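Asks: let me see the structure of the following:
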Amino acid sequence: MAISAGLLSNTPWYHVTHEPMTNPQSPPEQSTDVPQAVSPLTRLGEARWVLLTALLAAAAAVILYDVPFWPVVGFLAAMVAVAGLIPRRAASRRLKLNAQREIRRMWPGTGMKVTVDALPTPCFVADGRGITRYVNTQAQKTYEGVKPGDPLSFSLRTPSLLEAFDRVRATGEAERISWTEKVPTESWYEAHIAPIYMPGQAGVEQGPGLPDFILVVIRDLTENRRLERMRTDFVANASHELRTPLASLTGFIETLQGPARDDPDARERFLSIMLDQAGRMRRLIDDILSLSRIELKAHVRPASIVDFAEIVRHSSDALSPLAADMGVEIRLRLPDTPVRIKGDRDELIQVTENLIENALKYGHSGQFVDVSLTELADAPEAPAWQLAIRDFGEGIPPEHLPRLTERFYRVEVDSSRAAKGTGLGLAIVKHILARHRGRLEVESEPGNGATFKVSLPSLENADGLPEKVSA
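Replies: Below you'll find the predicted structure:
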């Protein structure tokens, strides 16, 4: 692996050139250096300076001090035999320990791997150059395709995270950062980055040098942030929308306690209105809570496989009493075979019931509501199924179409409240479809009714459709 940045370059460490590695995941605990057999001549060559010194000392002893010649020759022969035949165990052991220490500084040991695997959050162990050396099980599930031997920037592409990693390796001080991602849904993350120095490194006593390893621990804060937002939105929306029915209830109660105390007709009329206002408050609270729950898990893709045709048929049957009361006929056109998609059954029932109920309430003057489910044949690269719900009522003016999915937006406030609408139905539909990677399209002309089209990816289309609301 050739790295285009290092201690001699100002280029960020994460700009790398990746080359194939022969065995990037070789565990250090299995790599044992077996010393090769060394010949006597090699050992004599390694000890040549010691033997030469002994030879000069022996020659000086014979010449200058009249030491007997043959004992000196015997002594030299013994030294040559020892140097050539007996291995130097201390030197080989030292070389082996140094080699193992260098390997441990390149690949994490078993103890570090077991500790990282025990953590419930995604963890990356990289060396000081930014090369991934180990990832725990949770990181492999969260970040697909990550593997040891690749640069860390291949898996974690957040610029602020890479900059923090660069600072940690330069300063040797741990850092904690947080960031937000907007695609595919808004998500919040926090990362703790800490250097790791292996025992026995000479630079540690002299000051922080390049760390042996750097541990990156990532926490997903999305659920906590969404819960906080849910609480805030609930208070804001509830206080805004519940103010009118609460004021009505208070006024009627004061009237019943005062001027209308002994008026049976007024009491019956006011109690009926109060019951309607209480029902409106209950529907508002139910819809706000439902919307908040959907937003809380908006970043989690559904994993269950459901039959979309059966869901549409179930919703139509559930709303048939309401259609009979309004004098509207629901005409179904569904495939005979199951329509298999990935989705949450309860949420998809909520989508279809909301759209069919809206068509019944606001398009009942047309006497018919057509519900069809067809496969999108014009998009072979993204297989999908489209649910179309059309009414034959008065239609929706074009200036209102872009704002239909806004919270509490109503085309006509009086008619919406008369139909017991809360203004949250299409907002709920939009958020459910966003979680399912679906798409909502609205087509309408005044006097010709309106058509709501819901497109959901089929089981073969794993990536899903782009989110879109159009006229």
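Asks: going forward, measure contacts between C-alpha atoms and count neighbours the same way
Replies: Fine.
Asks: any idea how far residue 54 is from the residue located most distally from the centre of the chain?
Replies: Most distant from the centre of the chain: residue 66, at 87.8 Å, with distances by C-alpha atoms, centre = their mean. Residue 66 is 17 Å from residue 54, where distance means C-alpha to C-alpha, to the nearest Å.
Asks: just residue 159 next, same as before
Replies: With C-alpha to C-alpha as the criterion, residue 159 and residue 54 are 65 Å apart.
Asks: residue 271 now?
Replies: For residue 271, the distance to residue 54 equals 120 Å [C-alpha to C-alpha].
Asks: what of residue 437?
Replies: Taken as C-alpha to C-alpha, the span from residue 437 to residue 54 is 85 Å.
Asks: look at these two and report which has more neighbours.
Replies: Between residue 437 and residue 54, residue 437 has the larger neighbour count (other C-alpha atoms under 10 Å), namely 22 against 15.
Asks: so where's the stretch 351-471 of the chain shaky on pLDDT?
Replies: When residues are selected by pLDDT under 70, those of the stretch 351-471 of the chain lie in 377-382, 412-422, 460-471.
Asks: if you set the cut-off to 90 instead, what comes out?
Replies: Scanning the stretch 351-471 of the chain with the threshold set as pLDDT under 90 gives 354, 357-368, 375-384, 392-428, 430-431, 434-439, 444-449, 457-471.
Asks: for it, just list every one of the strands.
Replies: 368-375, 384-391, 439-444, 450-457, 469-470 (DSSP state E, counting those that start in this stretch).
Asks: save those as TSV, and put in mean neighbour count and distance to residue 328 too.
Replies: Output for those, formatted as TSV (neighbours: other C-alpha atoms under 10 Å; distance: least, C-alpha to C-alpha, whole Å):
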stretch	mean neighbour count	distance to residue 328
strand 368-375	20	5
strand 384-391	24	10
strand 439-444	20	19
strand 450-457	24	15
strand 469-470	14	27
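Asks: got TSV for those, with distance to residue 249 too?
Replies: As requested, those are exported to TSV (distance: least, C-alpha to C-alpha, whole Å):
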stretch	distance to residue 249
strand 368-375	36
strand 384-391	35
strand 439-444	37
strand 450-457	36
strand 469-470	37
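Asks: for residue 42, find the nearest of the ones you listed.
Replies: Across the strands of the stretch 351-471 of the chain, residue 42 has its closest neighbour in strand 450-457 (72.0 Å, C-alpha to C-alpha).
Asks: would you mark the buried spots in the longest helix seen in the chain?
Replies: Longest helix in the chain, counting residues (DSSP state H): helix 264-296. Of all the residues in helix 264-296, those buried under the rule 16 or more other C-alpha atoms under 10 Å are 266-267, 270, 274, 277-278, 280-281, 283-285, 287-292, 294-296.
Asks: packing partners of it?
Replies: Secondary-structure packing of helix 264-296 (3 or more C-alpha pairs under 8 Å, 6 or more residues apart in numbering; DSSP states H and E): helix 222-241, helix 243-257, helix 425-435.
Asks: average pLDDT for it?
Replies: The pLDDT scores in helix 264-296 average 82.
Asks: starting from the helix or strand that comes right after that helix, tell me which strands it pairs with and how they run.
Replies: Per DSSP states H and E, the first helix or strand lying C-terminal to helix 264-296 is strand 305-307. Partners of strand 305-307 in the sheet, by DSSP bridges, are strand 340-342 (antiparallel).
Asks: quick one: the residue nearest to residue 444 when sequence neighbours are not counted and residue 442, what's the gap?
Replies: In space, residue 444 comes closest to residue 450 once its chain neighbours are excluded; the distance is 4.2 Å by C-alpha to C-alpha, 6 or more residues apart in numbering. With distances taken as C-alpha to C-alpha, residue 450 is found 7 Å from residue 442.
Asks: so who does the closest residue in space to residue 365 that isn't next to it in sequence touch?
Replies: Closest residue to residue 365 apart from its sequence neighbours, by C-alpha to C-alpha, 6+ apart: residue 393 at 5.2 Å. Counting by C-alpha atoms under 8 Å, 6 or more residues apart in numbering, residue 393 makes contact with 362-366, 447-450.
Asks: what are the ranges of the helices in the stretch 51-200 of the chain?
Replies: 69-85, 89-104, 110-117, 137-142, 159-171 (DSSP state H, counting those that start in this stretch).
Asks: just the CA atoms of the last one, as PDB, please.
Replies: To tie it back to what came earlier, the one meant is helix 159-171. Extracted in PDB, the C-alpha atoms of helix 159-171 (Å, rounded to 0.1, in the frame of the first residue of the first chain):
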ATOM      1  CA  PRO A 159     -14.600  15.600   6.600                       C
ATOM      2  CA  SER A 160     -14.900  16.700  10.200                       C
ATOM      3  CA  LEU A 161     -14.200  13.200  11.400                       C
ATOM      4  CA  LEU A 162     -11.100  12.800   9.200                       C
ATOM      5  CA  GLU A 163      -9.800  16.200  10.300                       C
ATOM      6  CA  ALA A 164     -10.200  15.200  13.900                       C
ATOM      7  CA  PHE A 165      -8.400  11.900  13.300                       C
ATOM      8  CA  ASP A 166      -5.500  13.900  11.700                       C
ATOM      9  CA  ARG A 167      -5.300  16.200  14.800                       C
ATOM     10  CA  VAL A 168      -5.300  13.200  17.200                       C
ATOM     11  CA  ARG A 169      -2.400  11.500  15.400                       C
ATOM     12  CA  ALA A 170      -0.500  14.800  15.400                       C
ATOM     13  CA  THR A 171      -1.100  15.900  19.000                       C
END
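Asks: chain center to it: distance?
Replies: 21 Å (C-alpha atoms, centre = their mean, to the nearest Å).
Asks: and if you look at stretch 129-137?
Replies: Chain-centre distance of stretch 129-137: 18 Å, with C-alpha atoms, centre = their mean.
Asks: cool, stretch 232-249 as well?
Replies: Once both centres are worked out by C-alpha atoms, centre = their mean, stretch 232-249 turns out to sit 35 Å from its chain's centre.
Asks: also stretch 125-136?
Replies: Using C-alpha atoms, centre = their mean, the mean C-alpha position of stretch 125-136 is found 20 Å from that of the whole chain.
Asks: may I see the buried residues of that stretch?
Replies: Within stretch 125-136, judged by 16+ other C-alpha under 10 Å, the buried ones are 125-136.
Asks: residues in contact with it: which ones?
Replies: Here stretch 125-136 has contacts from 6, 13-14, 25, 106-108, 113, 116-117, 122-124, 146-153, 169, 210-216, using C-alpha under 8 Å, 6+ apart.
Asks: let's see that with 7 Å instead.
Replies: Contacts of stretch 125-136 with the rest of the structure, by C-alpha atoms under 7 Å, 6 or more residues apart in numbering, involve 13-14, 106-107, 116-117, 122-124, 148-152, 169, 210-216.
Asks: ok, stretch 326-338 next?
Replies: 307, 309, 323, 364, 367-373.
Asks: ends of that stretch, what's the gap?
Replies: Stretch 326-338 has its terminal residues 30 Å apart, counting by C-alpha to C-alpha.
Asks: nothing else from me, thank you.
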